[in-house]
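Colleague: Fold the stuff below for me.
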Amino acid sequence: MKSLPTEFTSVRNQSSVSGLPGYSFKQIARTDTIALFSKSRGSNSTPTYEVFRIRVTPFTRFPDGGVSEPHEAMPADEKWGVDGFSYQSLQDAHKKFLSLTQ
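Modeller: Model (predicted):
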């Protein structure tokens with residue numbers, strides 16, 4: 001199974017009209033099931049922080065014949081607030097991370 005990368009850029013929420021870069025994520029802390037990442041957009045932006053339960057997506061075969069191997073992922077958008085949480089400060093994010101790991 002492919003693990004969640006420790007650094008990646010998301011283009012899912014990037015607007016082609018706005019011309020803004022995607023969000024850059026960098027892992028700060030992790031257990032087997034919980035992760036804490038910083039999130040920023042561009043080199044001059046102030047980072048925010050995301051704490052989430054790592055989900056495992058199963059093997060999937062798509063109608064067009066394509067496949068997706070099992071891999072770790074962030075929670076789906078509809079699970080934010082249940083399995084994923086956003087914070088403005090690293091201190092608050094770290095507190096949440098610790099509460100989820102106990």
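Colleague: and the spatially closest residue to residue 56 that is not a sequence neighbour, what helix or strand is that in?
Modeller: Take residue 56 and drop its neighbours on the chain: the residue closest to it by Cβ to Cβ, 6 or more residues apart in numbering is residue 72, 5.9 Å away. C-beta coordinates here come from the backbone N, C-alpha and C atoms, glycine included. Per DSSP states H and E: residue 72 is located in strand 71-73.
Colleague: which element follows that strand toward the C-terminus?
Modeller: The first helix or strand that comes after strand 71-73 along the chain, using DSSP H and E, is strand 84-87.
Colleague: Give me the contacts around that next one.
Modeller: For strand 84-87, the surrounding residues in contact (Cβ atoms under 8 Å, 6 or more residues apart in numbering) are 39, 48, 49, 50, 51, 52, 53, 74, 75, 80, 93, 96.
Colleague: farthest-separated two in these?
Modeller: The span of those, defined through Cβ to Cβ, is set by 48 and 53 at 18.2 Å.
Colleague: quick one: stretch 79-94 to chain centroid distance?
Modeller: Stretch 79-94 sits 11 Å away from the centroid of its parent chain (Cα atoms, centre = their mean, to the nearest Å).
Colleague: Please work out the average pLDDT along it.
Modeller: The average pLDDT for stretch 79-94 rounds to 98.
Colleague: Any buried residues in it, and which?
Modeller: By neighbour count with 16 or more other Cβ atoms under 10 Å, stretch 79-94 contains the buried residues 83, 84, 85, 87, 93, 94.
Colleague: element containing the closest residue to the last one other than its chain neighbours, please.
Modeller: Nearest in space to residue 94, with sequence neighbours left out and distances taken as Cβ to Cβ, 6+ apart, is residue 36 at 6.8 Å. Per DSSP H and E: residue 36 is located in strand 34-40.
Colleague: Could you report the neighbour count for residue 30?
Modeller: 16 (other Cβ atoms under 10 Å).
Colleague: I'd guessed it sits against residue 36; true?
Modeller: Yes: at 7.0 Å, residue 30 and residue 36 qualify as touching, with contact defined as Cβ atoms under 8 Å.
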